[in-house]
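Trainee: Task: produce atomic coordinates for the following.
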Amino acid sequence: MTLGEKQRLFASLLPGLIQQALAIGYEVTLGECWRPPEMAEEYFRQGKGIRKSVHCDKLAIDLNLFKDGRYLEETVDHQALGTWWKQQHELCCWGGDWGDGNHYSLEHSGRK
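Mentor: You can find the predicted model right below:
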């Protein structure tokens with residue numbers, strides 16, 4: 001599958017992710033989706049990310065969850081949604097598997 005095909009697949013899956021979050025009782029805001037390569041490099045220098053993030057490929061989003069108006073910061077808060085996300089397509093990855101709970105993405109070239 002080409003990068004463009006994956007980008008279109010990811011975009012088509014995102015509404016379901018948001019609707020699922022709402023269905024299980026969360027409110028959401030959208031965090032970082034596209035990340036310029038320069039920002040990925042800066043995050044890498046700060047020890048906060050990787051150089052070749054799939055955010056740079058438009059294949060990831062950081063989804064912020066809220067319950068009763070309170071921001072949920074813990075990876076465990078995303079567990080049910082992350083599990084659901086991984087079942088939507090064989091390429092779907094959830095950052096909770098490596099400690100980045102609000103990260104939802106598609107795998108590309110071995111990167112998640």
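Trainee: Please identify the longest helix in this structure, counting by residues.
Mentor: Looking across the chain with DSSP state H, the single longest helix is helix 3-23.
Trainee: could you say what helices and strands that one packs with?
Mentor: In terms of contacts (3 or more C-beta pairs under 8 Å, 6 or more residues apart in numbering; DSSP states H and E), helix 3-23 is packed against strand 27-30, strand 60-67, helix 79-86, strand 103-106. C-betas here are computed from N, CA, C, even on glycine.
Trainee: could the ones you listed be laid out in a markdown table, adding mean pLDDT, mean neighbour count and distance to Leu13?
Mentor: As requested, those are arranged in a markdown table below (pLDDT from 0 to 100; neighbours: other C-beta atoms under 10 Å; distance: least, C-beta to C-beta, whole Å):
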| stretch | mean pLDDT | mean neighbour count | distance to Leu13 |
| --- | --- | --- | --- |
| strand 27-30 | 98 | 13 | 14 |
| strand 60-67 | 97 | 19 | 10 |
| helix 79-86 | 98 | 18 | 8 |
| strand 103-106 | 98 | 25 | 8 |
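Trainee: and of these, who's closest to Leu3?
Mentor: strand 103-106 (10.0 Å; C-beta to C-beta).
Trainee: which residues touch the lowest-mean-pLDDT helix or strand in the chain?
Mentor: Of all helical and strand segments in the chain, the minimum by mean pLDDT, DSSP states H and E falls on helix 37-45, at a mean of 85. Helix 37-45 is contacted by residues 35, 49-53, 55-56 when judged by C-beta atoms under 8 Å, 6 or more residues apart in numbering.
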